[in-house]
Each structure stands twice: as structure tokens, then as C-alpha cells.
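In: with the input below, show me the fold.
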Amino acid sequence: MSIQPSRAQSAVPQNPVEAIVKLFDTHRIVMLGEVQHGCRQQWELLQELVAAPGFSERVNDIVMEFGNARYQDVVDRYIAGENVPIEQVAGAWQDTVGAFGPVSPVYGKFYAAVRAVNKKLPKQRRLRIVLGDPPIDWDQVQTRADIALFLPFREEFYSSAVRLQVLAKKHKALLIMGAGHFRRSAGRPGFIENQLLMALVQPYVIMPGSNMVGGYDDLDTRFDQLPAPSFIEINGSWIGSIPTQNPRGGQPGSLGQTADAYLYLGPRDKLTVIANRRSDLEGTPYGKEIERRLTIIFDKAPDFLPQPDDLAERPAFSRTSPPPPPLPPMEKPQP
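Out: This next block holds a predicted model:
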């Protein structure tokens, strides 16, 4: 099904880097969802954003979903430009509790990009990456019960990191997490946004996307008129009237009820996800550790190795891609 143009109000595209930087003149917190974990186009844009003139003048912190909090000290030193071996830092994005399979290389590149920006800044204006995932120690994980201490509490931990590491220090921050964690349901804020509202902070929420507004074949041709990438304020535009179904089971509604702005990254068929190369996983310590974790979670590890190295970049959306295996239930608590 193709959604056809209508005579709705126009969508005014803005340069996304300039628009997001300007948001921090009026907001302490900007929440930016990920369209897909590891989307090359979005993370290239984020690297451009943190290096943009004016960003470090307005923003103190970047709160990362792909950031295991037990690595905060070593990440602080790495981001500040100290000579820290990358092997000591990589666990920050590779050892999160929310990602069971191998983690896209885009996250390590982003940490490196922030480090490069900081090298050009005076100490008082350096950016800090706040690690927003619970401090799980995978070396100590032997059963699903060990994971259950952390997995159900990811949003609680993330929001507490924002309150204590950002708001309590009177900082401003860009929050980056999967879009489902930030998306409003029928206009109602999700858990993390609600925690910020209780702290008397009104965040600005940005949802990313393409011209795909429903299922794989639900393309809205009005996006063809927009440059990619574009930042569009939803209020008053035709984008706000696009119907949505909350993938996390919330009530159906319109895109205008999910966020304040839409980050149009480009057409469905041009968005890609960066995965690890097979040679980075097969037989390597990291690949063996991922297999161990998956065996704990699923009893038998599903095939997580990509195909040949030249297929490490794949379409972000596909009609034929199988869904990820469902997470088995955690063990029942003992009496």
C-alpha cells in the first residue's frame, strides 16, 4: 500500500544539525530515538552534530543507551583524551545488558568522534558521555537469573543517570536510546520522559524515521519532496496526522502524538545498518563471549555470525528479515 499526498499543512524541513543545536537554547534535555540500532545514516549525522559549531557551547553531556555504567571512569578518561587502550574502553558499548548479540561498530566510532571533538576544546567545555545502561559484569553472569538483576530495570537506571549525572549538576544533555523508549503513546509520555517531568524538566522528543510509515509497503510519497536528512517540527505539519501503531503495545494514534519533531533520515531503501564483519567475530574472543551469552539466554545460541565480510552493511528494513528470537522467560523466584 502506498499512502498518497493530501492537502494537509506543509512540512517545513530544517537542517537537522542546526535545528538540534538551537533546541538547547530553550531545553535542558533533548531526547533523540534511534530508528534502528546501528543505522549508518543516523550515526554519521550524530558525529556531525557533536562536532558542529555551538554544540559544545550549549551541551554538557550525551547519555548513551549503549554504555555500561561500570565503565564510566575509564570512558571519562578516554573521552578526555587520555592514553587509554581501546580494549579497556570497548566494554562500555559491547557489554550492555540490553544487547545480547554483537554490537554494531557505529557506537565505538561515536565514542572516538566525541574524543576527537574534546581534543580541540578547552577543558571546561569538553563533552561527557554518561553511560546509561546498568553496570552488569558479564564475567559474573552464569544463568538467566544473573541477568534478571539488571534487564528489567534498564529504563529506571537510564532515567536515574539523567537525574543524577545531568540534572543534579545543572547540565544540558542529548539523550540517545532506541526510539521505543522515548516514543509517546497516544500523547502520553513514556517512563523516562515521565521521570524527567516529575523532576520539573520538559524534554524535547525527536522521533527518527523514513518514508515508511507503517508496514514495509506503507510508503508516504510526500516524503519524496523533503531533503534527507531533514528535521521537521510535527505540530502543524501533515506529518503529525500520519497514523501510527505503537510497537510496544500502546494505543494507536498519530505521529503527532509520539514526539515534538520528526527526523527524516531518508527513503526506506537507502537506510542501512552497520554490522560486525564475520572476521571480527568468528573464532575471536569477542565472538566466543557473545556465543556464551546467547547460550545462557536461549539455551542454544542462534546463528549470530554475519555472512561474508562484504555484507556487513545491510538494509535497515526488509520484508523478508526474520524477527529476532523471543527472549525466554526468566526463572521463577525461589520461595
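
In: confirm residue 295 sits in a strand?
Out: No: secondary structure of residue 295 (DSSP: H, G, I helix; E, B strand; the rest coil): helix, not part of a strand.

In: just give me the neighbour total for it.
Out: For residue 295, the number of neighbouring residues by other C-beta atoms under 10 Å comes to 12. Backbone N, C-alpha and C define where each C-beta goes, glycine included.

In: go on, the one 10 residues further on?
Out: Applying other C-beta under 10 Å, we find 16 residues neighbouring residue 305.

In: what helix or strand is it located in?
Out: Residue 305 belongs to no helix or strand when assigned by DSSP states H and E.

In: show me what contacts the closest residue to residue 105 other than its chain neighbours?
Out: In space, not counting the residues next to it along the chain, residue 105 is nearest to residue 274; the distance is 5.9 Å by C-beta to C-beta, 6 or more residues apart in numbering. By C-beta atoms under 8 Å, 6 or more residues apart in numbering, the contact list for residue 274 reads 38-40, 43, 104-106, 312-313.

In: of all those, which comes closest to residue 149?
Out: If you rank the contacts of residue 274 by distance to residue 149 using C-beta to C-beta, residue 104 comes first, at 25.5 Å.

In: now do the closest residue to that closest one other than its chain neighbours, the pLDDT please.
Out: For residue 104, the nearest residue in space outside its immediate sequence neighbours is residue 38; the separation is 3.0 Å by C-beta to C-beta, 6+ apart. Residue 38 carries a pLDDT score of 95 in this model.

In: distance of the closest residue to residue 216 other than its chain neighbours from residue 117?
Out: Leaving aside its chain neighbours, residue 216 sits nearest to residue 319 (4.5 Å; criterion: C-beta to C-beta, 6+ apart). In this structure, residue 319 lies at 39 Å from residue 117, with C-beta to C-beta, to the nearest Å as the measure.

In: how about residues contacting stretch 260-267?
Out: Contacts of stretch 260-267 (C-beta under 8 Å, 6+ apart): 11, 13, 16, 19, 32, 35, 39, 41-42, 45, 204-211, 223-224, 226, 228-235, 239, 255, 271.

In: do stretch 232-247 as well
Out: Residues outside stretch 232-247 that contact it (C-beta under 8 Å, 6+ apart) are 3, 6, 8-14, 180, 183, 185-186, 213-214, 220, 222, 226, 252-262, 264.

In: among the residues you listed, which are located in helices?
Out: Per DSSP state H, helices hold the following members of the contacts of stretch 232-247: residue 180.

In: out of the contacts of stretch 232-247, which are buried?
Out: The neighbour-count test (16 or more other C-beta atoms under 10 Å) applied to the contacts of stretch 232-247 identifies 3, 11, 13, 183, 185, 213, 220, 222, 226, 253, 255-262, 264 as buried.

In: list the contacts for the closest residue to residue 226 other than its chain neighbours?
Out: Take residue 226 and drop its neighbours on the chain: the residue closest to it by C-beta to C-beta, 6+ apart is residue 13, 5.0 Å away. Applying C-beta under 8 Å, 6+ apart to residue 13 gives the contacts 226-227, 230-232, 264.

In: top strand in this structure by residue count?
Out: The residue-count maximum for a strand in the chain (DSSP state E) belongs to strand 61-68.

In: may I see the buried residues of whatever helix or strand comes next after it?
Out: Later in the chain than strand 61-68, the nearest helix or strand by DSSP H and E is helix 72-79. Using 16+ other C-beta under 10 Å as the burial criterion, the residues of helix 72-79 that qualify are 72, 74-76, 78-79.

In: same question, stretch 210-223
Out: Within stretch 210-223, the residues that count as buried by 16+ other C-beta under 10 Å are 210-213, 219-220, 222-223.

In: mind putting those into a markdown table with pLDDT?
Out: Output for these, formatted as a markdown table (pLDDT from 0 to 100):
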| residue | pLDDT |
| --- | --- |
| 210 | 96 |
| 211 | 96 |
| 212 | 94 |
| 213 | 90 |
| 219 | 94 |
| 220 | 95 |
| 222 | 95 |
| 223 | 95 |
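
In: between these, which is nearest residue 164?
Out: Nearest to residue 164 among these, with distances taken as C-beta to C-beta, is residue 210, at 35.2 Å.

In: pretty sure residue 41 is in a helix, no?
Out: Yes: per three-state DSSP, residue 41 lies within a helix segment.

In: low pLDDT regions in the stretch 101-250 of the chain?
Out: The model of the stretch 101-250 of the chain has pLDDT under 70 over residues 245-250.

In: how about 50 then?
Out: Counting by pLDDT under 50, the stretch 101-250 of the chain contains no low-confidence range.

In: in it, which spans are helices?
Out: Counting by DSSP state H, counting those that start in this stretch, the segments of the stretch 101-250 of the chain that form helices are 106-118, 144-148, 154-165, 179-182, 191-198.
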